[in-house]
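In: following is a predicted model, sequence given first.
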Amino acid sequence: MTTNKEQLAQWIDAHFDEEVGVLQQLLRVPTDTPPGNNAPHADMVADLVKAYGWIAEKHAVPADVVQDYGMETITNLIVRRPYQAGGPTVALNAHGDVVPPGDNWTYPPYGGVVENGYIYGRAAAVSKCDFATYIFATRALEALGVPLKGGLELHFTYDEEFGGLLGPGWLLEQKLTKPDFVIAAGFSYNIVTAHNACLQLEITVHGKSGHGAMPETGHDALQAATRILNAIYDQLPELKKVKSKIPGIDSPTMLVGRIDGGTNTNVVPGKVVLKMDRRMIPEEDPVAVEAQVRALIEKAVEGQPGIRIEIKRLLLSHALREQTGTEKLVASLQQNAQTFIGEKIPAQGTPLYADARLYGEHGIPAVLYGAGPRSVPESNAKKADERLQLEDLRKATKVVACTLLDFLGE
């Protein structure tokens with residue numbers, strides 16, 4: 001006799017060409033962020049799921065809020081699938097916003113080309129693929145025809161690249177959702193249960209411009225900025241000594257990712273802007289770290305004549321930590337991965353940061369799991385020729401569908 005989970009797998013196999021076609025549609029509507037005009041993609045997804053008899057609630061973030069944030073449009077979607085009373089609500093979250101494609105592609109970045117068992121395109125691996133994973137896992141579950149209890153929600157959001165505060169963060173703060181468990185977009189061969197926090201600061205160094213032939217008439221902002229750079233990078237050996245106890249996470253990191261300043265070759269720079277990134281392991285206190293970094297910067301230019309600095313926080317993303325209940329998600333995903341992938345996949349941390357933390361901040365157990373390879377570099381995520389092996393999409397869809405059955409089946 002065929003078990004329910006075998007039937008789920010058979011349904012996914014029978015509809016897999018359709019799933020790949022849906023992923024191609026998802027990849028062909030650009031969502032470059034910046035500029036972040038992502039409402040058209042949300043409209044397309046809402047129309048797509050309407051064909052399954054589902055209603056996608058459109059939750060548009062107010063235009064002035066979005067523009068102040070640095071984007072153009074954000075419409076987040078919630079698809080609610082209520083079942084019989086008595087069970088948990090499980091949410092599946094994937095983000096549709098992506099970094100711009102950049103150069104050096106050999107495939108069209110928004111073509112969704114399938115070749116040699118891979119599908120190519122920006123967000124093929126992170127994370128439009130998991131729109132498809134989660135939609136087809138849900139369809140398979142409902143096609144099974146067995147009694148279900150609790151509820152399922154699909155959260156398709158559009159603000160991961162800028163930090164998620166107007167994506168899942170907005171849905172949670174507006175009390176539009178409060179699931180009991182969350183599976184967020186990830187890769188197929190490991191379950192992420194924790195991730196780093198991230199602090200990003202913009203440091204503006206104000207000096208005074210002067211003629212290059214008479215530099216003493218100005219106050220060199222770049223010279224002061226160099227002192228800040230040296231102070232930041234002198235800290236790296238100390239940060240390397242700090243180790244996380246969570247497998248998959250190593251040490252804190254810090255870097256300056258962008259520098260802008262000066263007016264011309266022969267002019268003393270009157271203004272320089274640095275943008276820095278400080279990754280924090282889950283054991284660190286973000287408030288304390290931010291205070292330490294600000295003090296480090298201020299001390300570096302203390303007493304420099306004619307120099308003034310401004311420090312603006314661009315992002316403070318908290319860490320994802322395990323909540324009570326995370327172990328239930330891990331156990332189910334690992335058991336089903338053993339069946340369909342053929343190995344016990346690890347549950348561990350990652351030095352990256354993601355939207356899952358926003359659910360964790362509300363006390364909701366959340367893990368990252370979805371379609372993708374064993375590591376980010378294999379997927380070319382955020383690089384040219386981003387790709388996803390189609391068999392990983394198939395396997396992940398089966399694992400997620402069976403995990404949903406574990407939580408929502410009677």
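Out: Received it, and whenever you're ready, just let me know what you need.

In: wait, Thr138 sits on Glu153?
Out: No - contact criterion Cβ atoms under 8 Å: Thr138 and Glu153 do not qualify, at 9.7 Å. C-betas here are computed from N, CA, C, even on glycine.

In: overlap in contacts of the two?
Out: Residues within reach of Thr138 and of Glu153 at once, by Cβ atoms under 8 Å, 6 or more residues apart in numbering, are Arg81, Leu92.

In: mind listing the helices for the stretch 101-250 of the chain?
Out: Remark: helices assigned in the stretch 101-250 of the chain by DSSP state H, counting those that start in this stretch are 129-143, 168-173, 221-234, 236-241.

In: got these as CSV, with mean pLDDT and mean neighbour count columns?
Out: Below are the helices of the stretch 101-250 of the chain laid out as CSV (pLDDT from 0 to 100; neighbours: other Cβ atoms under 10 Å):
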stretch, mean pLDDT, mean neighbour count
helix 129-143, 98, 26
helix 168-173, 97, 22
helix 221-234, 97, 18
helix 236-241, 97, 11
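
In: what's the closest of those helices to Ala347?
Out: Across those, Ala347 has its closest neighbour in helix 129-143 (18.0 Å, Cβ to Cβ).

In: near Ala51, how many other residues are there?
Out: Using other Cβ atoms under 10 Å, the number of residues around Ala51 comes to 8.

In: show the backbone phi and psi for it.
Out: Main-chain dihedrals, Ala51, degrees, to the nearest 10: phi -70, psi -20.

In: got a pLDDT number for it?
Out: Looking at Ala51, its pLDDT stands at 95.

In: same check, this time on the one 3 residues further on
Out: Listed pLDDT for Trp54 reads 98.

In: from Glu410, how far out is Ala85?
Out: Using Cβ to Cβ, to the nearest Å, we find Ala85 at a distance of 11 Å from Glu410.

In: which residues do these two both contact?
Out: Common contacts of Ala85 and Glu410 (Cβ under 8 Å, 6+ apart): Lys149.

In: which one of these two has more residues nearby?
Out: With neighbours defined as other Cβ under 10 Å, Ala85 and Glu410 compare such that Glu410 has more, 11 against 8.

In: give me phi/psi at the closest residue to the more buried one other than its chain neighbours?
Out: Closest residue to Glu410 apart from its sequence neighbours, by Cβ to Cβ, 6 or more residues apart in numbering: Pro147 at 4.6 Å. The phi/psi pair for Pro147 (degrees, to the nearest 10) reads phi -60, psi 140.

In: follow-up on the earlier one: please produce a markdown table containing the helices of the stretch 101-250 of the chain, extended by distance to Thr265.
Out: Compiled in a markdown table, these are given as follows (distance: least, Cβ to Cβ, whole Å):
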| stretch | distance to Thr265 |
| --- | --- |
| helix 129-143 | 47 |
| helix 168-173 | 44 |
| helix 221-234 | 12 |
| helix 236-241 | 31 |
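
In: can you say which of these is nearest to Ala39?
Out: Nearest to Ala39, of the helices of the stretch 101-250 of the chain and by Cβ to Cβ, is helix 168-173 at 13.8 Å.

In: any stretches of this structure with poor pLDDT?
Out: Along the chain, segments meeting pLDDT under 70 span 1.

In: who are the contact partners of the residue nearest the centre of it?
Out: Nearest to the geometric centre of the chain sits Ala354, at 3.7 Å (Cα atoms, centre = their mean). Contacts of Ala354 were listed using Cβ under 8 Å, 6+ apart, and they are Glu160, Gly164, Ala184, Ala185, Val192, His195, Leu320, Leu368.

In: and what of Ser127?
Out: Residues in contact with Ser127 (Cβ under 8 Å, 6+ apart) are Ala94, His95, Gly96, Glu160, Ala185, Gly370.

In: returning to that earlier point: doesn't the residue nearest to the centre of the chain fall inside a helix?
Out: No - Ala354: not assigned to a helix; according to DSSP: H, G, I helix; E, B strand; the rest coil it is coil.

In: would you report the backbone torsion angles of it?
Out: The phi and psi values for Ala354, taken as degrees, to the nearest 10, are phi -150, psi 180.

In: please identify the buried residues of stretch 307-324?
Out: In terms of neighbour count (16 or more other Cβ atoms under 10 Å), stretch 307-324 has its buried residues at Ile307, Ile309, Leu315, Leu316, Ser317, His318, Ala319, Leu320, Arg321, Glu322, Gln323.

In: does the third one sit in a helix, a strand or a coil?
Out: Under the three-state scheme (three-state DSSP), Leu315 adopts strand.

In: pretty sure Asp220 is touching Val267, no?
Out: No - contact between Asp220 and Val267 fails when scored by Cβ under 8 Å: they sit 10.3 Å apart.

In: which one of the two has more residues nearby?
Out: Remark: of Asp220 and Val267, Asp220 carries more neighbours, 23 against 14, as counted by other Cβ under 10 Å.

In: ok, how many other residues are close to the closest residue to that one other than its chain neighbours?
Out: Leaving aside its sequence neighbours, Asp220 sits nearest to Val268 (Cβ to Cβ, 6+ apart; 5.3 Å). Using other Cβ under 10 Å, Val268 has 23 other residues around it.

In: what does Val126 give?
Out: Val126 has 29 neighbouring residues, counting by other Cβ under 10 Å.

In: next one: it from Phe187, what distance?
Out: Per Cβ to Cβ, Val126 is found 9 Å from Phe187.

In: how many residues are close by the closest residue to Leu166 other than its chain neighbours?
Out: Of all residues not flanking Leu166 in the chain, Asp159 sits nearest, at 4.3 Å (Cβ to Cβ, 6+ apart). With neighbours defined by other Cβ under 10 Å, the count for Asp159 comes to 26.

In: what's the answer for Gln7, then?
Out: 16.

In: that one belongs to a helix?
Out: Yes - assessed with three-state DSSP, Gln7 lies in a helix.

In: any idea how far Tyr69 is from the closest residue to it other than its chain neighbours?
Out: Nearest residue to Gln7 in three dimensions, chain neighbours excluded: Leu144, at 5.9 Å (Cβ to Cβ, 6+ apart). Per Cβ to Cβ, Leu144 is found 41 Å from Tyr69.

In: over to Val399?
Out: Counting by Cβ to Cβ, the gap from Val399 to Tyr69 is 35 Å.

In: ok, those two, which is more surrounded?
Out: Using other Cβ under 10 Å, the more surrounded residue of Val399 and Tyr69 is Val399, with 30 against 16.
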